[in-house]
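Participant: Turn this into a model:
(chains A, B, C, D, E and F)
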4 protein chains.
Amino acid sequence: MARTVDPEKHAARRLQIIDAGLTCFAAHGYDGATTALICREAGIGSGTFFHYFPTKADLLLATLELGTRETEEWFATRKGRPDAAEVLREYVAHVAADATDPRVPGFVRAVGAVMTEPRIAEALAADERTLRAGLLPWVRKAQSAGRVRTDLSAARLTDWLMLLLDGFLGRLAGGDAFTAKRESRTLLDAVERLLAP
Amino acid sequence: MARTVDPEKHAARRLQIIDAGLTCFAAHGYDGATTALICREAGIGSGTFFHYFPTKADLLLATLELGTRETEEWFATRKGRPDAAEVLREYVAHVAADATDPRVPGFVRAVGAVMTEPRIAEALAADERTLRAGLLPWVRKAQSAGRVRTDLSAARLTDWLMLLLDGFLGRLAGGDAFTAKRESRTLLDAVERLLAP
Amino acid sequence: MARTVDPEKHAARRLQIIDAGLTCFAAHGYDGATTALICREAGIGSGTFFHYFPTKADLLLATLELGTRETEEWFATRKGRPDAAEVLREYVAHVAADATDPRVPGFVRAVGAVMTEPRIAEALAADERTLRAGLLPWVRKAQSAGRVRTDLSAARLTDWLMLLLDGFLGRLAGGDAFTAKRESRTLLDAVERLLAP
Amino acid sequence: MARTVDPEKHAARRLQIIDAGLTCFAAHGYDGATTALICREAGIGSGTFFHYFPTKADLLLATLELGTRETEEWFATRKGRPDAAEVLREYVAHVAADATDPRVPGFVRAVGAVMTEPRIAEALAADERTLRAGLLPWVRKAQSAGRVRTDLSAARLTDWLMLLLDGFLGRLAGGDAFTAKRESRTLLDAVERLLAP
DNA sequence: CATGAATGAGTCTTCATTCAT
DNA sequence: AATGAATGAAGACTCATTCAT
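Facilitator: Numbers count the residues shown, from 1 in each chain, chains lettered A, B, ... in the order given. Model (predicted):
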């Protein structure tokens, strides 16, 4: 009798393709990652790919949205914490930990190239908004607690915090001795110096 | 008939194409900037383009090399200066000034996505090496002068300085209120905080 | 468990798919009518479709055969009638009545484009043969009765009669003021004029 | 020195592709005529094709427009003629002569299948409008001269005339003994009978 | 030198059809 | 019987690059 979709299997397949996309985008850039390549990586036929994502761009979009959602959840989990400065530190550490996956910096770089596409630009903007919305209250709170400088507005400080994190990810893509593990301590220190009153 | 090969005209044409490439790469990314688009922007025919650059990648390469050479020259000019910390400050200000050209952040982002191509990766690496070679002596000197912290090696500090500059350029591409002019002062402050003993 | 193969249900399902096919072919043409579209229209899954028809072309074939059989039956019913001219008139009216279904002209047009496929060309030829075989005796009989011109052979006259009917259907597809209802009277008149001695 | 396009060569190439398209569309239908096939027929590379026509549909469109323009010119040439009935006869003969090209009926049939596409539907409608606009005045004039029946409006008579011509073309596609040459006389007679007062 | 028409390899994407459940 | 996820062959179209003028 007409067994309809197994939603779990569907979601799993979806994630499997997203993961393959992450790998390929990171390794070859957006345009360099052909759908054929992604399909091979995911171990599926091209038809299957388009069964799950109407467009290559939609795969990238889904990946970005996944990241956005994770950021959202990360901050949702911290809601109500009293120690703002510590939460900020934790987030920085969290980013450094994520950056341990060698695909992350390459992916970030790859995405930068497609900012041209309106939908992707919007997704990136949404991601930024989410991150800013997540960080801003804690920066403000830390300011109130006197733990963070107040000569710059919370909004600008947040921008600079994000700048530092972006720069960190970017530098990792260089592939040299600059690795997430080795430099995460210095990252925390750099943030501290940036925010210090 | 004397075939006049006017080297000046040639060089001018070359720069004109490089400029058009800069514009197009910044606006559409590397793959999005079709040779047709670049030719239109430069006001030349496609045949002419390939007279000057055997390949689209070579245009990008030439652009990168131009930047590398400029960096080289910038530091060559400062050779022998006694005030290391001031030189570093000047370089940071120089980057901020360059970043005033709205194409620069877009171009940087566009290039990041092509790291896949070996020749371009190498050019980027060369650019990095040049910049690092330019900065490192001054960082060291400033350390000796006690103006800069010594808990991190000069090499690592240089990396972090570059990280800050990269992050700055990256944030400018966002297009929001974060503009080179408005934030250059904070950039100098951030560098100061990073390097402070 | 008795596996109940209900032939009635099967035939009904079949007709339902044929009907959906008629609708889709008429609206989107043969190639434009994707199996997915037909399945949606029929309210079935794609798997079911191919249970009933091994191929999309077979659906079209079945539809054509249905029409051929109906034509056959129409003429079988008239067998033995004494008034040939009246039978011809009735058939013309019958076509005009069928053409009231707005899908018919579109379907005819859609089919015309697939004549390329041998099997379908053959089916169309068979349809034609059937129609000709149905009309020819009556044309001949009407000629004998002096009701129809004899300067052209019965075969050719039949061709021209079919030409008029085809043209009529084709014009209906235009969608303008030319509707089957409004023009059926003129159609009868045109046939009369064509056949008049 | 920069010799720009040779417009003659361009137009010739264009016509060559249109001709190849006519051949392929007629033989395989619109969808069956792959761009690859058309290119092979035209003896050009696929890139060249899209140099001249942005889209396969645009080739069809161009072909249709060519026909429309020819119809326009045909009637423009007859402007001012006193003998309306004779002009109509000539046009019918003209269509019959054109239909001698065995590709014409197939092409007409092929086009029918794509009426789905708005741009093509519009082009077909424009073609119809042009033909109607060409015929209508002569039908009216012939009515005034008492050479043509007046129980139907000139507009409807024109529709019926076009119906006859369409039916004629359609029947030719059958490929049987019904050929343009053999039947053109009967066509003229049929028209006469249709229009006779 | 400059041009732009011509090229064809390479992409994304569609869709009829199969098959395990 | 019915389903719809999976498949991959095939097609339209793009674009860097070449070359005759």
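
Participant: correct me, but residue A:68 touches residue A:126?
Facilitator: Yes. Under the criterion of Cβ atoms under 8 Å, residue A:68 makes contact with residue A:126 at 6.0 Å. All C-beta atoms are positioned from the backbone trio N, CA, C, and that covers glycine.

Participant: quick one: residue A:156 and residue B:108, what's the gap?
Facilitator: 22 Å (Cβ to Cβ, to the nearest Å).

Participant: Can you mark which positions in stretch A:94-112 are buried?
Facilitator: Buried residues in stretch A:94-112, counting neighbours by 16 or more other Cβ atoms under 10 Å in any protein chain shown, are found at A:95-96, A:99, A:103-112.

Participant: how far out from the middle of the chain is the lowest-mean-pLDDT helix or strand in chain A?
Facilitator: One helix or strand of chain A scores below all others by mean pLDDT, DSSP states H and E: helix A:103-112, with a mean of 92. Helix A:103-112 sits 9 Å away from the centroid of its parent chain (Cα atoms, centre = their mean, to the nearest Å).

Participant: What of stretch A:28-47?
Facilitator: Put simply, stretch A:28-47 sits 21 Å off its chain's centre (Cα atoms, centre = their mean).

Participant: same deal with stretch A:138-146?
Facilitator: Taking mean C-alpha positions (Cα atoms, centre = their mean), stretch A:138-146 and its chain are 24 Å apart.

Participant: what's the model's confidence in it, averaged?
Facilitator: Computed over stretch A:138-146, the mean pLDDT rounds to 96.

Participant: what residues does chain A put near chain B?
Facilitator: Applying Cβ under 8 Å from any Cβ of the partner chain, one finds that chain A approaches chain B through A:27-32, A:106, A:109-110, A:112-116, A:128, A:152, A:156, A:159-160, A:162-168, A:170-171, A:173-174, A:178, A:186, A:190, A:193-194, A:196.

Participant: In ChimeraX, how would I select the buried members of those residues?
Facilitator: Burial among these is assessed by 16+ other Cβ under 10 Å; the matching ChimeraX selection reads:
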select /A:27,28,29,30,31,32,106,109,110,112,113,114,115,116,128,152,156,159,160,162,163,164,165,166,167,168,170,171,173,174,178,186,190,193,194
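
Participant: check contacts around the residue nearest the centre of chain A.
Facilitator: By Cα atoms, centre = their mean, chain A has its centre lying nearest to residue A:67, at 4.9 Å. By Cβ atoms under 8 Å, 6 or more residues apart in numbering or on different chains, residue A:67 lies in contact with residue A:127.

Participant: three-state assignment of it?
Facilitator: The local conformation at residue A:67, judged by DSSP: H, G, I helix; E, B strand; the rest coil, is helix.

Participant: ok, whichever strand or helix holds residue A:20 near DNA strand F or not?
Facilitator: Per DSSP states H and E: residue A:20 is located in helix A:7-32. Yes. Using Cβ under 7 Å from any atom of the strand, helix A:7-32 reaches DNA strand F at A:9-10, A:13.

Participant: buried set for that helix?
Facilitator: For helix A:7-32, a neighbour-count test (16+ other Cβ under 10 Å) marks A:13, A:17-18, A:20-32 as buried.

Participant: which other helices and strands contact the next helix or strand after it?
Facilitator: Going down the chain from helix A:7-32, the next helix or strand is helix A:35-42, by DSSP H and E. With contacts taken as 3 or more Cβ pairs under 8 Å, 6 or more residues apart in numbering or on different chains; DSSP states H and E, helix A:35-42 sits against helix A:7-32, helix A:46-52, helix A:56-78.

Participant: would you turn these into a markdown table with mean pLDDT and distance to residue D:39?
Facilitator: Below are those laid out as a markdown table (pLDDT from 0 to 100; distance: least, Cβ to Cβ, whole Å):
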| stretch | mean pLDDT | distance to residue D:39 |
| --- | --- | --- |
| helix A:7-32 | 94 | 26 |
| helix A:46-52 | 97 | 24 |
| helix A:56-78 | 97 | 27 |
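
Participant: who does the helix holding residue A:20 touch, helix- and strand-wise?
Facilitator: helix A:35-42, helix A:46-52, helix A:56-78, helix A:103-112, helix B:7-32.

Participant: quick one: that helix to helix B:7-32, angle?
Facilitator: Helix A:7-32 runs at 170 degrees relative to helix B:7-32, counting by axes from the mean of the first three to the mean of the last three Cα atoms, to 10 degrees.

Participant: nearest to residue C:81, of the helices and strands packed on helix A:35-42?
Facilitator: With Cβ to Cβ as the measure, helix A:46-52 is the member of the helices and strands packed on helix A:35-42 nearest residue C:81 (56.6 Å).

Participant: Work out for me the element residue A:89 sits within.
Facilitator: Applying DSSP H and E, one finds residue A:89 within helix A:84-98.
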